[in-house]
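Chemist: fold the following.
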Amino acid sequence: MSLASVLQGIGKNRLGLVSSATKLYKTAYSGSYRRNLRNSRGYLWIGGLFGLSALATWYSHQVNADSQAVKESVQKLNPEDFVPLQLISNTPYNHNVARLRFAIQSSESEDFPAVSLVQVKTKDEQGNDVIRPYNPVSGVSAKGYFELMVKKYPNSKMGTYLHSRQPGDVVLVKGPVRQYPYQPNSKKEIGFVAGGTGITPIYQLIDYILNNPNDHTKLTLLYANRTPQDILLKSELDALQKKYSDRLVVHYTVDQSDDQWKGEKGQIQKDMLQKYLPSASKENLVFVCGPPSMMEAISGTKTPDKKQGPLSGMLKELGYSEENVYKL
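Modeler: Residues are numbered from 1 along each chain as shown. Next up is the predicted model:
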C-alpha cells in the first residue's frame, strides 16, 4: 500500500482521530492514569495521532488544490476562437492513422451536435497558418473529452504535426462547427456512402441516431477502403450493427483482399449503390463523404466555397435528385 493511499484513508477519518486523541489527552491528566501514561510513553503515542491527522489534512488540501488546478486548465470549446486544448493520449490505429484524445470542459447540453466538426490550427515552417477540419468520433456519450481520427498523408503538414504530439502537449482547436442540422425521424431511411477517413462524420451521425431511442430511422452504410486493414472504426461499426440489427446494416468493400475477406470487392460501382442504398424518394436521404475522386464519381464534389453544388455521377444516373443527396 502506498503512502498516498494511507494518507487518503487517514484523511477521511482525521476528525475521529483528533477526537480520540483529545479524549486520551484529557484522560491522561485526570489523575489515576497520569503516572502510568508517562511510564508507557503515552504522550508520544497521543502526539503521533495528532501528527498523522495534521499530515493527512495537509495532504487532502494539497490533492484538492492540484485537482482544482487541473480542472481550471481544461478549456471549453469555442466555435468563434481557437482555444488551447491539452492532449490526453495519442494512440496509433494502423500504419498511417492515429487516434487522439483531447480534454475539454463539457457543456450541460451536447458537446457535438450531429453533424459537426472542429478545426485544428498550427503553423508551417514559414510561419503560415495551417488549419484543417476533423469530425470527432468519440460518440455522443463522451464527457470531458473528444477524439479525432487523424490520417498522416505523405508530406501532410497537419497530419505530421498531430501525429508528433505527445500527451500533455497543447493544440489549438476551434468548434464545434455544424455541418448538417439533423432532426430525428425527419427521414424514413438514410443511406451512407463513405470512403477512407470520410467515415468520421458519417460514424458521428450513425452513433447519434442509434443512441436516441426515440429515433426510428433505418440506416444503411456502404464503406470503401483500399484494404481490410485500412477500415476505420470497424469494431465500433460492427458493435453498433450487432446491437441495433433492426436499424443498421453495414457493407464493406475493399480494393485488395485475401481469401478470408467476405465483403464486397473493388471500388464502389453503380450496381452496389442500387443494391444497398434506399430508393430515391423524398422520404429518404443519402449522405456521401470521401476523397475527391470518389465524390466526383458518385455524387460530384462540393463547390470551392463548400456549398453543395449540382448533383452528378452515379447517383444522378440512378434517379436521385439534389433534395435527397447530401455531400459531407
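Chemist: so the residue nearest the centre of the chain, which of the three states?
Modeler: Nearest to the geometric centre of the chain sits residue 138, at 2.4 Å (CA atoms, centre = their mean). Here residue 138 is coil, with the state taken from DSSP: H, G, I helix; E, B strand; the rest coil.
Chemist: that one reaches residue 147, doesn't it?
Modeler: Yes - with contacts counted by CB atoms under 8 Å, residue 138 reaches residue 147, the gap being 4.0 Å. Where you see a C-beta, it was placed from the backbone N, CA and C, and this is true even at glycine.
Chemist: give me the common contacts of those two.
Modeler: Counting by CB atoms under 8 Å, 6 or more residues apart in numbering, the contacts common to residue 138 and residue 147 are residue 101.
Chemist: enumerate the beta-bridge partners assigned to residue 265.
Modeler: Beta bridges link residue 265 to residue 254, judged by DSSP bridges.
Chemist: and the pLDDT for it?
Modeler: pLDDT, residue 265: 96.
Chemist: number of nearby residues for it?
Modeler: When counting by other CB atoms under 10 Å, one arrives at 11 neighbours for residue 265.
Chemist: residue contacts, it?
Modeler: So residue 265 contacts 253-255, 257 (CB under 8 Å, 6+ apart).
Chemist: which one of the residues you listed is nearest to residue 187?
Modeler: Using CB to CB, residue 253 comes nearest to residue 187 of the contacts of residue 265, at 24.0 Å.
Chemist: where exactly do the helices run in this protein?
Modeler: Counting by DSSP state H, the segments of the chain that form helices are 3-12, 14-28, 34-39, 42-73, 157-163, 199-210, 234-243, 270-276, 292-298, 313-317.
Chemist: low pLDDT regions in the protein?
Modeler: 1-73 (pLDDT under 70).
Chemist: can I see the domain layout of it?
Modeler: Per automatic domain parsing, the domain ranges recorded for the chain read 3-73, 83-178, 189-327.
Chemist: just to revisit the earlier point, and the residue nearest to the centre of the chain, what does it touch?
Modeler: By CB under 8 Å, 6+ apart, the residues touching residue 138 are 101, 145-147.
Chemist: the closest residue in space to residue 315 that isn't next to it in sequence and residue 132: what is the separation?
Modeler: Once flanking residues are discounted, residue 315 sits nearest to residue 299: 5.0 Å by CB to CB, 6 or more residues apart in numbering. According to CB to CB, to the nearest Å, residue 299 stands 22 Å off from residue 132.
Chemist: neighbour count: these two, which is higher?
Modeler: The neighbour comparison of residue 299 against residue 132 (other CB under 10 Å) goes to residue 299, with 29 against 17.
Chemist: run a quick neighbour tally on the closest residue to residue 207 other than its chain neighbours.
Modeler: In space, and not counting its chain neighbours, residue 207 is closest to residue 139: 5.1 Å by CB to CB, 6+ apart. Per other CB under 10 Å, the neighbour tally for residue 139 reads 16.
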